[in-house]
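S.K.: Make a model of this:
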Amino acid sequence: MHDQRDENAVEHGTSSPILIAAAWALVMIPLAWGLLSTLQKALLLFP
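M.R.: Got it, this is the predicted structure:
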C-alpha cells in the first residue's frame, strides 16, 4: 500500500539562504516598527 506521507514530504536542504533572509525580513521589519512605535507611545506616558 502506498504511504501518503511520501507525497507530503518536504525535501530538506532546498531552501535558498536568500529566501530565508527575505522571509525573516518580512517578519522582522513590521515587528520592529510596531515595537518602536509602542515604545515611543509608552515613553509619552512616563514624563
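S.K.: Which stretches in this protein count as helices?
M.R.: Per DSSP state H, the chain carries helices over the ranges 5-8, 17-45.
S.K.: which stretch in the ones you listed has the least confidence?
M.R.: Lowest mean pLDDT of the helices of the chain: helix 5-8, a mean of 56.
S.K.: Out of the helices of the chain, which one sits most buried?
M.R.: Most buried of the helices of the chain by mean neighbour count (mean count of other CB atoms under 10 Å) is helix 17-45; its value is a mean of 10. C-beta here means a position set from N, CA and C on the backbone, and glycine is covered the same way.
S.K.: for it, packing partners?
M.R.: The helices and strands touching helix 17-45, judged by 3 or more CB pairs under 8 Å, 6 or more residues apart in numbering; DSSP states H and E, number zero.
S.K.: from the chain's centre, how far out does it sit?
M.R.: Relative to its chain's centre, helix 17-45 lies at 10 Å (CA atoms, centre = their mean, to the nearest Å).
S.K.: Can you tell me how far Ile20 is from Pro30?
M.R.: Remark: distance between Ile20 and Pro30 (CB to CB, to the nearest Å) = 17 Å.
S.K.: again with Thr14
M.R.: Thr14 sits 27 Å away from Pro30, going by CB to CB.
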